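Undergrad: 3D, please:
(chains A and B)
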Protein chains: 2
Amino acid sequence: MRTTPLLKSDTLSELIRGEVLIKAESLQITGAFKFRGAFYRLLNLTDCQKVQGVIAYSSGNFAAGLSAAGQLLDIPVKLVMPHDAPKSKIHNARHYGAEVILCHGKEPSREEAASDFARKIAHDHGAVLLHPFDDNEIIIGQASVALELQEQLAMTGKTCDHILCPVGGGSLVAGSSLVFDSSTQVWAVEVDGYQGMGISLEKGRRSRAKGHVLCDCDALLSLEPGIANLDIVLQTGVRGITVNAQQAHDAVRLSFHEMNLVLEPSGAVAIAAIMKNPALFENKTVVAIGSGGNVDAEKYASILQAT
Amino acid sequence: MRTTPLLKSDTLSELIRGEVLIKAESLQITGAFKFRGAFYRLLNLTDCQKVQGVIAYSSGNFAAGLSAAGQLLDIPVKLVMPHDAPKSKIHNARHYGAEVILCHGKEPSREEAASDFARKIAHDHGAVLLHPFDDNEIIIGQASVALELQEQLAMTGKTCDHILCPVGGGSLVAGSSLVFDSSTQVWAVEVDGYQGMGISLEKGRRSRAKGHVLCDCDALLSLEPGIANLDIVLQTGVRGITVNAQQAHDAVRLSFHEMNLVLEPSGAVAIAAIMKNPALFENKTVVAIGSGGNVDAEKYASILQAT
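TA: Reported below is the predicted structural model:
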């Protein structure tokens, strides 16, 4: 695991007349916090499971994180990926030694077809089936971001009033909320149209967002939170907040200009939430997790060039 | 001062069949290692000098580093900058509370006219005149990169066989070479046409490069090394090496794709030197300093889009 830096943003600090710090998980191994949960999950397999290996469905940052963790721990990793996943992501997983199995199924959805396919392979080959976020040990692994952050804050005698986490399925926000006590408000930041966690928090039970909004925050497009994740955040007092893709792009640009930090749009939504709602954070010490930085060069260049 | 991360590059490690680590000074306060030297220099002013304040000529990363250090330490900073310096750089210096004085002189060169102007103001107003790199205390301040690096290596039980430093005037390489003993080879990486340090090392005395090569490594365009810097590197066994702008761009792209790291072309030349000469570093542990990341969005986008 890499200790990732905590970078102060002067611009955002001035905006809220407080202090805003960015936890740069884009510099984690494989470029996203997902490595943490994957590594911890694999560490806690039984010896017999370590020999059997694991299988998972993912086309995103979990795929790279799990592959790299498997390589480091010498545990076989099989990954089911949609046949039309970005070539760079398939290449990455193979580069880290994972066996990639392409899935052509589309019914009822691409994700569910691949997930069913992964379950079948797990059954036939005796591999351990992993869920990318709805898993208590993965949640605990992601909590290491918040533990590390607490240590970094303690070294400078600071405490944190608010922490904002980008949310897809919700393992990062669930893990973080377990670490901080009630003196820190933990926020689940989602993208408009995909605020399954926010709706679930409001209703007090697992609910689906509508989706169908065009959006390049590809790591955050889950329609509903993980069951384990929601169980936790309902007890820890997490609050929901949303931004749109345009606001995420503004945050991507700010991170580049002010901090030389590459964030993917999904990884920048926590920063975007502060930019959108400065009054919520006035005079406070606020940490935004920059959760990932894996974005194609073409895409990134076009975001930088837009104004 | 920020502790900057040390990031492993798998691609470069495979290339040399050893281990390549990047010290990401692009994430230092103000986006370049220059803050370190400026901060240390200001800390070591006498109480009387701290009240008088300092003046320097710079249009680059030293300007931002000195301004931010002055703001933190509450020491007045005057900066002479060419009137046609990039607006973002003038804005940055003012943002950090420096008084910016624009200089219109062009004779004998833009740099020397501004430098003379700064000397005159220092004389008239009693401010302490600082040189951006040819200054023993600034060299010692830059050495903190290498001290921090040694600590980071020691924590994982590693030693470093080679360390590569981008060189403009040479304060970073001089400072680094003071920290490491002869079991570590320190390299001065310059850009073709501006290898004043390399030529001086060969000849054993201060010599000028020819310049006049079109190149966007704007932080490395010094024609000759600082006197204090050369004195040191002649005694510490530093070796010279060059790359061209195209190779620097390749390194900028690699840093983005593999590590989510924004480097300016000048900041990427140490990485470029490894890519150009892998055989020199075979089977070794090598650290390249990514010395800065301050690059315009348009420029950066065009480098990412070129192939």
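Undergrad: Within range of chain B, give me the residues from chain A.
TA: Within chain A, the residues that sit near chain B (C-beta under 8 Å from any C-beta of the partner chain) are A:2-5, A:7, A:10, A:24, A:26-27, A:31, A:95, A:253, A:256-257, A:259-262, A:293-294, A:297-298, A:300-302, A:304-305. Where you see a C-beta, it was placed from the backbone N, CA and C, and this is true even at glycine.
Undergrad: ok, the residue lying farthest from the centre of chain A to B:V54 distance?
TA: In chain A, the residue that sits farthest from the middle, by C-alpha atoms, centre = their mean, is A:D124; the gap is 30.1 Å. Per C-beta to C-beta, to the nearest Å, A:D124 is found 72 Å from B:V54.
Undergrad: do A:T236 as well
TA: 50 Å.
Undergrad: same question, A:I139
TA: Counting by C-beta to C-beta, the separation of A:I139 from B:V54 is 51 Å.
Undergrad: So for these two, which residue has more residues nearby?
TA: Taking A:I139 and B:V54 together and counting by other C-beta atoms under 10 Å in any protein chain shown, A:I139 has the greater number of neighbours (28 against 24).
Undergrad: Just the CA atoms of the lengthiest helix in chain A, as CSV, please.
TA: As assigned by DSSP state H, the longest helix anywhere in chain A is helix A:136-155. As requested, the backbone C-alpha atoms of helix A:136-155 are provided in CSV (Å, rounded to 0.1, in the frame of the first residue of the first chain):
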residue,chain,number,x,y,z
ASN,A,136,-17.4,-6.3,4.6
GLU,A,137,-13.7,-7.0,4.2
ILE,A,138,-13.4,-4.8,1.2
ILE,A,139,-15.1,-2.0,3.2
ILE,A,140,-12.6,-2.5,6.0
GLY,A,141,-9.8,-2.4,3.4
GLN,A,142,-11.1,0.9,2.0
ALA,A,143,-11.3,2.3,5.6
SER,A,144,-7.5,2.4,5.5
VAL,A,145,-7.8,5.6,3.6
ALA,A,146,-9.5,7.2,6.5
LEU,A,147,-7.1,5.7,9.1
GLU,A,148,-4.1,7.0,7.2
LEU,A,149,-5.8,10.4,6.9
GLN,A,150,-6.4,10.5,10.7
GLU,A,151,-2.7,9.8,11.2
GLN,A,152,-1.7,12.6,8.8
LEU,A,153,-4.0,15.0,10.5
ALA,A,154,-2.8,14.1,13.9
MET,A,155,0.8,14.8,12.9
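Undergrad: Could you tell me how far it lies from the centre of the chain?
TA: Averaged C-alpha coordinates place helix A:136-155 at 14 Å from its chain's average position (C-alpha atoms, centre = their mean, to the nearest Å).
Undergrad: Report all helices and strands that it contacts.
TA: Here helix A:136-155 touches strand A:6-9, helix A:34-43, helix A:171-179, helix A:227-236, strand A:285-290, going by 3 or more C-beta pairs under 8 Å, 6 or more residues apart in numbering or on different chains; DSSP states H and E.
Undergrad: Could you check the helix or strand hosting the residue farthest from the centre of chain A and say which residues are buried?
TA: Per DSSP states H and E, A:D124 falls inside helix A:110-125. With burial defined by 16 or more other C-beta atoms under 10 Å in any protein chain shown, the residues of helix A:110-125 counted as buried are A:R110, A:E111, A:A113, A:A114, A:S115, A:D116, A:F117, A:A118, A:I121, A:A122.
Undergrad: neighbouring contacts of that helix?
TA: Contacts to helix A:110-125, defined as C-beta atoms under 8 Å, 6 or more residues apart in numbering or on different chains, come from residues A:55-57, A:78, A:80-82, A:101, A:103, A:105-107, A:127-129.
Undergrad: Would you mind extracting the C-alpha trace of it into PDB?
TA: Extracted as PDB, the C-alpha positions of helix A:110-125 are listed here (Å, rounded to 0.1, in the frame of the first residue of the first chain):
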ATOM      1  CA  ARG A 110     -24.200  -6.100 -19.600                       C
ATOM      2  CA  GLU A 111     -23.200  -5.900 -15.900                       C
ATOM      3  CA  GLU A 112     -25.600  -8.600 -14.800                       C
ATOM      4  CA  ALA A 113     -24.700 -11.000 -17.600                       C
ATOM      5  CA  ALA A 114     -21.000 -10.700 -16.700                       C
ATOM      6  CA  SER A 115     -21.800 -11.100 -13.000                       C
ATOM      7  CA  ASP A 116     -23.800 -14.300 -13.700                       C
ATOM      8  CA  PHE A 117     -21.000 -15.500 -15.900                       C
ATOM      9  CA  ALA A 118     -18.500 -14.900 -13.100                       C
ATOM     10  CA  ARG A 119     -20.700 -16.800 -10.700                       C
ATOM     11  CA  LYS A 120     -20.800 -19.800 -13.000                       C
ATOM     12  CA  ILE A 121     -17.000 -19.900 -13.400                       C
ATOM     13  CA  ALA A 122     -16.600 -19.600  -9.700                       C
ATOM     14  CA  HIS A 123     -18.900 -22.600  -9.200                       C
ATOM     15  CA  ASP A 124     -17.300 -24.700 -12.000                       C
ATOM     16  CA  HIS A 125     -13.600 -23.900 -11.100                       C
END
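Undergrad: Next secondary structure element downstream of that helix?
TA: Proceeding N to C from helix A:110-125, the next assigned helix or strand is strand A:128-130, under DSSP H and E.
Undergrad: Against which helices or strands is that following strand packed?
TA: In this structure, strand A:128-130 makes packing contacts with strand A:54-57, helix A:110-125, judged by 3+ C-beta pairs under 8 Å, 6+ apart.
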